[in-house]
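Undergrad: Predicted structure and sequence below. I'll ask about it afterward.
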Amino acid sequence: MKSKLFVPASRPELFEKAMASEADAISFDLEDAVAPDRKPEARALLADWLARRAAAAPAAAHPKKIIVRINAADTPWYADDLAALGRLPVDLLNVPKTEDADAVRRAIEQATAAGFRGGFLVNVETPRGLARAAGLAAAHERVRGLQLGLADLFEPLGIERYAPETLRPVLLAVRLAAGAAGKYALDAAYPRVQDPEGFRAEARLSRSLGLLGKSCIHPSQVAIANEVFGFSSEEIEHARRVVAESRARSGVGAFLLDGRMIDAPFVRRARDVLLAAGAG
C-alpha cells in the first residue's frame, strides 16, 4: 500500500471516484471525518454500497484493498460499526485510539464475533499508544500493521507537526515497533492539501525510515505517494542481481557486489523489493 486514500463514509458520491483512482487502498472513514449526528447515516451508506459491490462482482474483480476506519471502542458507535460491517467485503478494519494490547485483542474478538474475518490496522495516535507500539503490533496474528496518526498525537501537546526533527524519531519508533512483530507501518496523512512539495518531502522521509506507504486525504496526493514509495528500475535491477548472486553463491554467507558487502539482511531486503514491485 504505497498510497491509502481516505474517503468520508458520509460522502457516497465519492466512493466510485475513489475506486477509480490510482490509490492502492481506499480507507472509508466512519470516525473523525464524519460528524457525530451523521455517523449512523454514514455507516448505513457504506454498508449498503459494500453489499451492492460484493453482489455485483467477485472480490478478485476489485484489486484495491478496502479499509474501514471504525469508531473507537469507547464511543457509542463502535458496536454498531462492527455489527454493520462484520460480514461485508472489507480487507482491514482500522482501529483508532488504541493504547494497549488487551484493547487490540478485545477489538479483534468482538469483530470476529460479528463475523469479520479480515485483518486489522492499528492506529498509533496517542503518547501512551506510541510508548506501547511494539505491544500493539504483536498483540495478535491478525494485526497486519500500525498506522500513525500525527494530528491526534501532536496537536493536543502543542508539538510542531511539520518539522523533520519532530517527525523522524516518531516515524522511526513506529517502524521499529512494527518491525519487531514482523508487521508493516504506514505513515500519517498530510493536511496541507495545497502543498504537494511538503507532502513529497514528508513521504521521502517516511520511506527512508522504512514505512510502507502514506495516507492521502486528497486524490492529488496519490500520484506523489505512488512515486515516492514505488521502486525505480535501478532499485529493481539491483535487487535482482543481489538475489541472483546469492543463489549463485549458495553456501557463502557474505559476498561483494559493486564494492558493497552483501549478506543475509541485504538478500532478504532484495527479495522483499522484488515481491513488492511484482518483479519476483
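TA: Thanks, I have it.
Undergrad: what's the burial count for Ala84?
TA: Close neighbours of Ala84, defined as other Cβ atoms under 10 Å, add up to 22. Glycine gets a C-beta too; all of them are placed from N, C-alpha and C.
Undergrad: residues contacting it?
TA: Residues near Ala84 by Cβ atoms under 8 Å, 6 or more residues apart in numbering: Arg43, Ala44, Leu46, Ala47.
Undergrad: mind checking which helix or strand it is in?
TA: In this assignment (DSSP states H and E), Ala84 forms part of helix 78-85.
Undergrad: So which bits of that helix are buried?
TA: For helix 78-85, the neighbour count (16 or more other Cβ atoms under 10 Å) marks Tyr78, Asp80, Asp81, Leu82, Ala83, Ala84, Leu85 as buried.
Undergrad: same thing with stretch 220-228?
TA: Within stretch 220-228, the residues scored as buried using 16+ other Cβ under 10 Å are Gln221, Val222, Ile224, Ala225, Asn226, Val228.
Undergrad: what's in contact with it?
TA: Residues outside stretch 220-228 that contact it (Cβ under 8 Å, 6+ apart) are 2-3, 5, 21-24, 190, 193, 196, 199-200, 203-204, 207, 213-214, 216.
Undergrad: any idea of the mean pLDDT in that stretch?
TA: Mean per-residue pLDDT for stretch 220-228: 97.
Undergrad: tell me how far it is from the chain's mean position?
TA: 14 Å (Cα atoms, centre = their mean, to the nearest Å).
Undergrad: again with stretch 20-31
TA: For stretch 20-31, the distance to the chain centre is 11 Å (Cα atoms, centre = their mean).
Undergrad: Tabulate the CA atom coordinates of that stretch in PDB.
TA: What follows is stretch 20-31 as a C-alpha-only set of coordinates in PDB (Å, rounded to 0.1, in the frame of the first residue of the first chain):
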ATOM      1  CA  ALA A  20     -11.300   4.600 -10.000                       C
ATOM      2  CA  SER A  21      -8.200   6.400  -8.600                       C
ATOM      3  CA  GLU A  22      -4.700   5.100  -8.600                       C
ATOM      4  CA  ALA A  23      -4.600   4.600  -4.900                       C
ATOM      5  CA  ASP A  24      -3.500   1.100  -3.700                       C
ATOM      6  CA  ALA A  25      -6.100   1.200  -0.900                       C
ATOM      7  CA  ILE A  26      -9.300   3.000  -0.100                       C
ATOM      8  CA  SER A  27      -9.900   3.800   3.600                       C
ATOM      9  CA  PHE A  28     -13.500   4.600   4.200                       C
ATOM     10  CA  ASP A  29     -13.800   6.700   7.400                       C
ATOM     11  CA  LEU A  30     -16.500   6.400   9.900                       C
ATOM     12  CA  GLU A  31     -14.500   8.200  12.600                       C
END
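Undergrad: Next, the buried residues of it.
TA: Ser21, Ala23, Asp24, Ala25, Ile26, Ser27, Phe28, Asp29, Leu30, Glu31.
Undergrad: can you tell me which residues contact the last one?
TA: Which is Glu31. Arg69, Ile70, Asn71, Ala72, Pro96.
Undergrad: Against Gln221, how distant is it?
TA: As for Glu31, its distance to Gln221 is 19 Å (criterion: Cβ to Cβ, to the nearest Å).
Undergrad: go on, Arg271?
TA: Taken as Cβ to Cβ, the span from Arg271 to Gln221 is 29 Å.
Undergrad: ok, now Leu30?
TA: Leu30 is 21 Å from Gln221, by Cβ to Cβ.
Undergrad: in the stretch 1-150 of the chain, what spans have low per-residue confidence?
TA: 58-62 (pLDDT under 70).
Undergrad: how about the helices in it?
TA: Secondary structure of the stretch 1-150 of the chain (DSSP state H, counting those that start in this stretch): helices located at 15-19, 39-56, 78-85, 101-113, 127-131, 133-137, 150-154.
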